[in-house]
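# Sequence and predicted structure are below.
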Amino acid sequence: MAGTNHRRPAVTGGPAIILVEPQLGENIGTAARAMLNCGLEDLRLVRPRDGWPSEKAVSAASGADSVLESARLYPSVAAAISDLVHVYAATARDRGMVRREVTPRCAAAEMRAWLAGGEPCGVLIGPERTGLVNDDVALADTVLTVPLNPAFSSLNLAQAVLIVGYEWFTSGAAGPPETLRRGGSRPATKEELLNFFDHLEEELEENGFLRNRESRPSMVRNLRSLFQRAQCTEQELRTLHGVVTAFAGPRQRSLHPNPPPHAGGGSDPHSGRVGTAREKWSIASDR
């Protein structure tokens, strides 16, 4: 564990997390774990009640040892923020002070912009029981408040750090907000999807579901839109083909036990007719 060190350069990869008079080593450890979850490593401790280093912190950190090992110890808030340009004070209470107040999401965007310009930032978080005192809040530029239930808005150290860290981490995420995991199967091609539509509509036609000629085009479009939105995989379409066939009854095999190579589509030279979607699916399933 690092001892008192006031001259070490600030970590520029993210904002500093400054825990003011934290009471329990376990809470420091869980806060360090939350920091590493979100890619933050600059942990600063101001007068921890139970001293420092702390074996309880190491145990509670669950592997976030790098954060604890690089943690720096300070005698005062003023010393802990001396190298920072922008400081946020995390608090849920109205201090009766004229202060600018932002959410963690807003603060994350601001800190990214400032850090990109070489201006170091940090977030002050007070002790578990009382939070920051007004004199500490007065040293910050901005108050950071998490919008929570007004009747119960207190957070423990790790929760506060995780919310701030999560907003910081996601504000710089390059990936899409949503992904679709396909379980190892590839996305279905439009050809495969259209073949399924043919199969489904053919069976619905034969079973009388599409008997109303006036409403048939609208019903077909609605069904196709439904399966288009589903983003089916190739394997899912195979399953749906099987479901349609099972509901329709026993499969109707091709007239020929050994169909020619082109029997999966197009015309059948032996019968002089075009193969149906059901026949094409039956042949494909048998292969």
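Great, that's in hand.
# Run through the strands of this protein in chain order.
Under the criterion DSSP state E, strands of the chain are mapped to 16-20, 43-46, 72-74, 86-90, 100-102, 121-125, 142-144, 267-268, 273-274.
# I'd like the ones you listed laid out as a markdown table, including distance to residue 191, mean neighbour count and mean pLDDT.
C-beta: built from backbone N, CA, C; applies to glycine. As requested, these are exported to a markdown table (distance: least, C-beta to C-beta, whole Å; neighbours: other C-beta atoms under 10 Å; pLDDT from 0 to 100):
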| stretch | distance to residue 191 | mean neighbour count | mean pLDDT |
| --- | --- | --- | --- |
| strand 16-20 | 54 | 26 | 97 |
| strand 43-46 | 56 | 24 | 97 |
| strand 72-74 | 61 | 20 | 97 |
| strand 86-90 | 55 | 25 | 95 |
| strand 100-102 | 52 | 12 | 92 |
| strand 121-125 | 53 | 25 | 96 |
| strand 142-144 | 54 | 21 | 94 |
| strand 267-268 | 18 | 14 | 42 |
| strand 273-274 | 17 | 10 | 40 |
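# mind giving me TSV with the ones you listed and columns for distance to residue 184?
Converted to TSV, the strands of the chain look like this (distance: least, C-beta to C-beta, whole Å):
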stretch	distance to residue 184
strand 16-20	40
strand 43-46	40
strand 72-74	47
strand 86-90	43
strand 100-102	44
strand 121-125	42
strand 142-144	43
strand 267-268	35
strand 273-274	35
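# and of those, who's closest to residue 58?
The minimum distance between residue 58 and the strands of the chain falls on strand 43-46, with 13.0 Å, by C-beta to C-beta.
# Tell me the strands beside the closest one, with direction?
strand 16-20 (parallel), strand 72-74 (parallel) (DSSP bridges).
# Residue 181 is nearest to which of these?
The closest of the strands paired with strand 43-46 to residue 181 is strand 16-20. By C-beta to C-beta, the value is 32.6 Å.
# Keeping just the C-alphas, turn the closest one into CSV.
Provided in CSV are the C-alpha atoms of strand 16-20 (Å, rounded to 0.1, in the frame of the first residue of the first chain):
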residue,chain,number,x,y,z
ALA,A,16,-10.0,10.9,-8.9
ILE,A,17,-12.3,9.4,-6.3
ILE,A,18,-11.6,11.1,-3.0
LEU,A,19,-13.1,9.3,0.1
VAL,A,20,-13.2,11.8,3.0
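# which residues are contacting it?
Under the contact criterion C-beta atoms under 8 Å, 6 or more residues apart in numbering, strand 16-20 has outside partners 10, 28, 31, 35, 40, 42-48, 77, 80-81, 84, 120-127, 132, 136, 157, 161, 164-165.
# so where is the chain shaky, pLDDT-wise?
By pLDDT under 70, the low-scoring segments of the chain are 1-12, 95, 174-177, 250-287.
# Which residue ranges make up each domain of it?
Using automatic domain parsing, the domain ranges for the chain come out as 16-171, 190-286.
# how about those domains, which one is nearest residue 179?
Of the domains of the chain, the one closest to residue 179 (C-beta to C-beta) turns out to be domain 190-286, at 11.4 Å.
# what's the offset of stretch 96-107 from the middle of its chain?
25 Å (C-alpha atoms, centre = their mean, to the nearest Å).
# what's it in contact with?
With C-beta under 8 Å, 6+ apart, stretch 96-107 has contacts from 88, 110, 123, 134, 137-138, 140-147, 163-164, 166-168, 171.
# Make a PyMOL selection of the buried ones in these.
To isolate the buried subset of the contacts of stretch 96-107 in PyMOL, counting by 16 or more other C-beta atoms under 10 Å, use the following:
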select buried, resi 88+110+123+137+140+142+143+144+145+146+163+164+166+167+168+171
